[in-house]
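Enquirer: here are the coordinates; sequence isn't available:
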């Protein structure tokens, strides 16, 4: 017990005392000091790591869903949104990220823009023809490959097939683990070599910019595309036996089940349906909305938030069920992205109201953090916001971005649902506190100390909302 009370260091809050209880050791913290430490003048404003502790290296995130010639469907959006979110999380931790492939179709590009997916529309592939030629040459020299037409009595193959590659024997020779046992012979086409060439170019670009630093390749795939991606993974290993191909990993997304579909629904129809539902739900809550640009932007942002939270608040390997009925979406449901955006907007309204009151002379301006009296923060809800959210937030971002170290097998899991779950829980606890406590009270001087301390706390909560939403490419709303 003396050891616990004397603990110190940058990650340790000041301990007031501890005592043994039937349930275990009860530790009491010095709450005013904890508030001062996280909200005072010495507090760290940004959750990002400092350059000295930031991870180094490059990650290539490959999303095969974008190679589809047909229109995107909701099940293709899941790995896309996950890769987009993971890229933002990795960048926030100081990791450089390259996204592959480039967005090919105009239709796909439009849907991704609507969903605020920040994906490159070109990868600067001017050297692709040379890279494809080099892969063809390697294919011709590989002992695993058989040129078409060499085996008598075989069935006629499609015209675009260049060669046949025996994957099963390669997996057995190399002792590779985690691949589908049904993998056998792959018919290699020019299109498959082009996919590999794009990946190869991305890796070369990363290692050149990173001056030879390590580069990991993560294929973010739906479970329906996993088998085809394993084929490409093995073909790349055969034709380009380098460190980057040996470290390929697969982040597999579970199925997306759509209930009540009158017919197969495309990603663009899904977006428009959710947008219409969000508009109707907003009209029900706020009355007929002004048809101006500002409200259109609000509805668009709420729609993107609803879709992103639908897709990303469940662990990536689990199944998602999308209910397309009108009753499945609202502006107030506590598990929804709209609820998170609503609470973020409440904070914006609070500070806007306070600022206007300061300009009218009703309240004095917020004093410097060094002059605030944090012992005024006595509400349990205030301590919850600090201890359960502000304190662990940098760690939440770090854990959500963590990719497991190289290991046997090819599948990896990531904690990409953590940020959405964190924001939902934060919104519920903040909403409970905000509904119960009057932040901007009567303009009496003896009440100012408590109001200032609460505003400082909620300013930090607002900044945390903004940082977390930025990893989802969601701008904070100033009104709903």
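Expert: Now that the structure is in, tell me what you want to look at. All values reported here derive from a predicted model rather than from experimental measurement. Residues are numbered from 1 along each chain as shown.
Enquirer: Specify the local secondary structure of the spatially most central residue of the chain.
Expert: With distances taken as C-alpha atoms, centre = their mean, the residue of the chain nearest its centroid is residue 85 (2.5 Å). With DSSP: H, G, I helix; E, B strand; the rest coil as the basis, residue 85 sits in helix.
Enquirer: Quick check, it in contact with residue 471.
Expert: Yes: Residue 85 is within contact range of residue 471, at 6.1 Å (criterion: C-beta atoms under 8 Å). For the C-beta atoms, the positions are set from N, CA and C on the backbone; glycine is no exception.
Enquirer: which SS state does the nearest residue to residue 18 once chain neighbours are set aside fall under?
Expert: Using C-beta to C-beta, 6 or more residues apart in numbering and skipping the chain neighbours, the partner closest in space to residue 18 is residue 27 (4.5 Å). Secondary structure state of residue 27, per three-state DSSP, is strand.
Enquirer: can you map out the strands along the stretch 201-350 of the chain?
Expert: Secondary structure of the stretch 201-350 of the chain (DSSP state E, counting those that start in this stretch): strands located at 215-222, 249-253, 256-259, 320-323.
Enquirer: Distance from the last one to the middle of the chain?
Expert: The gap between the average C-alpha position of strand 320-323 and the chain average comes to 19 Å, counting by C-alpha atoms, centre = their mean, to the nearest Å.
Enquirer: can you check the longest one too?
Expert: From the chain centre to the centre of strand 215-222 is a distance of 14 Å (C-alpha atoms, centre = their mean).
Enquirer: now swap in the third one and tell me
Expert: With C-alpha atoms, centre = their mean as the basis, strand 256-259 stands 21 Å off its chain's centre.
Enquirer: Just the buried positions in it, please.
Expert: 256, 258 (16 or more other C-beta atoms under 10 Å).
Enquirer: pLDDT of that strand, averaged?
Expert: For strand 256-259, mean pLDDT rounds to 90.
Enquirer: Residue ranges in the stretch 251-400 of the chain under the pLDDT threshold?
Expert: Within the stretch 251-400 of the chain, the stretches with pLDDT under 70 are 261-262, 289-292, 326-335.
Enquirer: buried sites along stretch 166-175?
Expert: By neighbour count on 16+ other C-beta under 10 Å, the buried set for stretch 166-175 is 166-168, 170-171.
Enquirer: Distance to residue 34 and secondary structure added to the residues you listed, as JSON lines?
Expert: Below are those laid out as JSON lines (distance: C-beta to C-beta, whole Å; DSSP: H, G, I helix; E, B strand; the rest coil):
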{"residue": "166", "distance to residue 34": "63", "secondary structure": "strand"}
{"residue": "167", "distance to residue 34": "57", "secondary structure": "helix"}
{"residue": "168", "distance to residue 34": "59", "secondary structure": "helix"}
{"residue": "170", "distance to residue 34": "57", "secondary structure": "helix"}
{"residue": "171", "distance to residue 34": "54", "secondary structure": "helix"}
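Enquirer: got the contact list for stretch 199-217?
Expert: Here stretch 199-217 makes contact (C-beta atoms under 8 Å, 6 or more residues apart in numbering) with 56-60, 62, 96, 98, 100, 123-125, 127-128, 131, 135, 236, 240, 243-245, 247-249, 403.
Enquirer: looking at this, residue 120 is in a helix?
Expert: No: per three-state DSSP, residue 120 lies outside any helix segment and is coil.
Enquirer: wait, what's in contact with it?
Expert: Residue 120 makes contacts with 99, 102-103, as judged by C-beta under 8 Å, 6+ apart.
Enquirer: mind checking how far the spatially closest residue to residue 398 that is not a sequence neighbour is from residue 16?
Expert: Across the structure, with C-beta to C-beta, 6+ apart as the measure, the residue nearest residue 398 apart from its sequence neighbours is residue 93 (6.1 Å). To residue 16, residue 93 is 34 Å away according to C-beta to C-beta, to the nearest Å.
Enquirer: try residue 269
Expert: Distance from residue 269 to residue 16, by C-beta to C-beta: 58 Å.
Enquirer: again, but for residue 90
Expert: Counting by C-beta to C-beta, the separation of residue 90 from residue 16 is 39 Å.
Enquirer: tally of neighbours for residue 277?
Expert: By the criterion of other C-beta atoms under 10 Å, residue 277 has 19 neighbours.
Enquirer: Kindly report the same for the one 10 residues further on.
Expert: Per other C-beta under 10 Å, the neighbour tally for residue 287 reads 7.
Enquirer: Just want the phi and psi numbers for it.
Expert: Residue 287 adopts backbone torsions of phi 90, psi -180, taken as degrees, to the nearest 10.
Enquirer: Report the buried residues of stretch 337-354.
Expert: By neighbour count on 16+ other C-beta under 10 Å, the buried set for stretch 337-354 is 337-348, 350-351, 354.
Enquirer: Could you give the separation of it from the chain centroid?
Expert: For stretch 337-354, the distance to the chain centre is 22 Å (C-alpha atoms, centre = their mean).
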